[in-house]
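Chemist: Here's a sequence, model it:
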Amino acid sequence: MAASGGYGSVLVLLALALSGPRAEQTEEHLKREHSLSKPYQGVGSASSGLWDLQGNAMVMTQFIRLTPDVQSKQGAVWNRVPCYLRDWEMQVHFKIHGQGKKNLNGDGFAIWYTKDRMQAGPVFGSKDNFLGLGVFVDTYPNEEKQHERVFPYISAMVNNGSLTYDHDRDGRPTELGGCTAMVRNLNHDTFLVIRYVKRRLTVLIDIDGKHEWRDCIDVPGVRLPRGYYFGTSSVTGDLSVEAPLEPMSGLALFLIVFFSLVAIVFAIVIGVIIYNKWQEQSRKHFY
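Modeler: The predicted structure follows:
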């Protein structure tokens, strides 16, 4: 699937490879049902296609952009077909770039396998208290004191609907595991794999342009129901793009200084007048 999200531009090219011993359909059919790749024909169409667009998501020539490089934008793309496989693997091809303050490009984007779809909310553009799995690529630290991790940071969370994602603490209370992934403004392709096999959740990353996978998350005993939906969403924060202040012209600077001096002189004159009147009144009372 190709999508772009994040603050700045995040181009998420997501491909989903599926396997399962109880699959009644062929592997090729399942890949087509749950994959999104160029040329993205029918994406977002009400009458055809397997994927829905939401918010500021837009189909481009070479990718699907979840959010533009503008503050406070949200976008998502969701699969219309639920996945009934016991075991599956999702391959995500993505890019994150933009002109945000200090190259932060955030808040980030999420990859979902959840019961509900197409519901916007505060968790990287999607609803909180979700049912299912969320894998988050968080590009901006909201917690003031971050000593144990370096951002961007990838983490995973499984929710039964009762948990709330703690955005102020970057999801730490409900995190299953995570790793640092320096994925901003890279010239080469970046990849992420989410694998769910025999109730074991594994996340691998290839972000160095060397075509080598690196372990990020490995958690056994994870229970994910079948029949949920795949999707990805993104949100831009307040730091997305800051317009530089235009330099002040010479005339404007002269006028500011001139009127400031006039105001100071005027204040001094008024002060002198008030002081003289006070002295005159004091003499009259004395004599």
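Chemist: the helices in the protein, which residues?
Modeler: 27-34, 250-286 (DSSP state H).
Chemist: So which residue is smack in the middle of the protein?
Modeler: Taking C-alpha atoms, centre = their mean, the centroid of the chain lies closest to residue 108, which sits 2.0 Å from it.
Chemist: any idea how far the closest residue to residue 179 other than its chain neighbours lies from residue 115?
Modeler: Take residue 179 and drop its neighbours on the chain: the residue closest to it by C-beta to C-beta, 6 or more residues apart in numbering is residue 216, 4.0 Å away. Every residue, glycine included, has its C-beta placed from N, CA and C. Noted for residue 216: a distance of 25 Å to residue 115, by C-beta to C-beta, to the nearest Å.
Chemist: So which of these two has more stuff around it?
Modeler: Comparing residue 216 with residue 115 by other C-beta atoms under 10 Å, the one with more neighbours is residue 216, at 23 against 14.
Chemist: how close does the more buried one get to residue 226?
Modeler: From residue 216 over to residue 226 the distance is 24 Å, taken as C-beta to C-beta.
Chemist: quick one, what contacts residue 170?
Modeler: 138, 141, 142, 143, 146, 149, 153, 155 (C-beta atoms under 8 Å, 6 or more residues apart in numbering).
Chemist: Generate a ChimeraX selection restricted to the buried subset of those.
Modeler: Remark: buried members of the contacts of residue 170, expressed as a ChimeraX selection using 16 or more other C-beta atoms under 10 Å:
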select :138,141,142,149,153,155
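Chemist: and the contacts of residue 170 as TSV, adding distance to residue 173 and pLDDT?
Modeler: As requested, the contacts of residue 170 are exported to TSV (distance: C-beta to C-beta, whole Å; pLDDT from 0 to 100):
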residue	distance to residue 173	pLDDT
138	14	90
141	15	84
142	13	80
143	11	75
146	15	61
149	14	79
153	15	93
155	11	96
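Chemist: Closest one to residue 277 out of the contacts of residue 170, please.
Modeler: residue 142 (59.0 Å; C-beta to C-beta).
Chemist: Residue 166 is in contact with that closest one, correct?
Modeler: No - with contact defined as C-beta atoms under 8 Å, residue 142 does not reach residue 166; the gap is 9.2 Å.
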